[in-house]
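Visitor: A structural model of the following input is requested.
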Amino acid sequence: MTSAPEQDKAAASGEALSSGMESWLETNVDGYRGPGTLHKFGFGQSNPTYKLRAASGDYVLRRKPFGPLLPKAHAIEREYQVLKALEGSDVPVPRVRAFCDDDSVLGAAFYVMDFVGGRIFYDQRLPGETPQARAEIFDAMNEAVASLHRVDPFKVGLEGYGRSEDFLKRQVRTWTKQYRASEDVRCEAMEQLIAWLPENLPAEQPVRIFHGDLRLDNMIFHPTEPRVIALLDWELSTLGDPLADFAYHTMVWRVDADLFRGFADLDRPAMGIPEESDYVQRYCERTGRDGIPHWNFYLAFSLFRIAAILQGVYKRAKEGQASSDDAEEVGRKAHPLAEIGWSIAQGG
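Guide: Have a look, this model is predicted:
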């Protein structure tokens, strides 16, 4: 077996699979016919992701990083579990084919799923699209999110996928702890949120699958139709409050374009982007809700959460451990986002 760096290099250049890997795929992936080659995608850096090209068609292989890992980190077995559970539901997910936890096959645990060809939009402002096309894309995104939150996890075998009680309370505590571990200069807005959020927790919602990172660029759209055909990036998923998941998805309506890829300062009607209230109402219609009480709490919590995440990015950048060249610049956005969150908490 080649070393980890050599395997990554080979995958990027499309080197053929080993005979052992070919044998495993033929045995465990129905209909697989080799020879196959791996080609590394530019995304999926936390868990390296590859296009697997074979005589029987194209697949996607997603594996853990090589070497020692932190406990519970890079849990691709959970990604496989949730994708498998959602097969046959209204949620657009790729079909997963097989999971391998035998490190001797590839050097790390991995799973294989079908390749889904389509469009990925990396800018939520959708430059180059017509207003009508934008409206249709946003409506399709709304339906994809609603379809996930309509699923009862206990009816699809995910009852053990996460703790089902005190989700928001635990989340506020977790992100407060994460922020404290990385804070530098005092941020008054974060201090206010840390005090306010635990005192204003809404009643618990029926548990649903919490994706954790519902963004436009985590969805694959049909090549020509305004329809989501695959929802990706499940590494943060668990069981929890669907309204917290939806609010995190929706907070871009409150953020300016130059701050965090939002569109609070854009001419949304002219662009075909729905207003936040209309987008929320459509989600409520699709999930059978009569509005969302405590909406300001959910938005404030979402901005608090992303501010805590970005504060960690900033600290790692300052310590020379950044994962990207612009990490320090991105991390500096933590305080302004917290300020927006505290304004919303106060009724803004």
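Visitor: The stretch 201-348 of the chain: helices as residue ranges?
Guide: When secondary structure is read from DSSP state H, counting those that start in this stretch, the stretch 201-348 of the chain shows helices at 242-250, 257-260, 268-271, 276-287, 295-318, 327-331, 334-345.
Visitor: Name the residues of stretch 183-197 that come out as buried.
Guide: By neighbour count, with 16 or more other CB atoms under 10 Å as the criterion, the buried positions of stretch 183-197 are Glu183, Cys187, Ala189, Met190, Gln192, Leu193, Ile194, Trp196, Leu197. In short, each C-beta sits where N, CA and C put it, glycine included.
Visitor: can I assume Leu126 is in contact with Arg134?
Guide: Yes. Under the criterion of CB atoms under 8 Å, Leu126 lies in contact with Arg134, with a separation of 4.9 Å.
Visitor: shared neighbours, these two?
Guide: Residues within reach of Leu126 and of Arg134 at once, by CB atoms under 8 Å, 6 or more residues apart in numbering, are Met271.
Visitor: can you map out the strands along the stretch 151-300 of the chain?
Guide: 208-210, 219-221, 228-231, 238-240 (DSSP state E, counting those that start in this stretch).
Visitor: which SS state does Ala98 fall under?
Guide: Ala98 carries the three-state label strand when classified by DSSP: H, G, I helix; E, B strand; the rest coil.
Visitor: wait, what's in contact with it?
Guide: With contacts taken as CB under 8 Å, 6+ apart, Ala98 has the following neighbours: Leu25, Asn28, Val29, Tyr111, Val112.
Visitor: distance of the closest residue to the third one other than its chain neighbours from Val255?
Guide: When you say that, I think you mean Val29. The spatially closest residue to Val29, leaving aside those adjacent along the chain, is Arg97, at 4.6 Å (CB to CB, 6 or more residues apart in numbering). Computed as CB to CB, to the nearest Å, the Arg97 to Val255 distance reads 38 Å.
Visitor: again with Ile306
Guide: Here the criterion is CB to CB. By it, Ile306 lies 9 Å from Val255.
Visitor: tell me, what's touching those two both at once?
Guide: Listed contacts common to Ile306 and Val255 are Leu337; contacts here mean CB under 8 Å, 6+ apart.
Visitor: Appreciated, that's everything.
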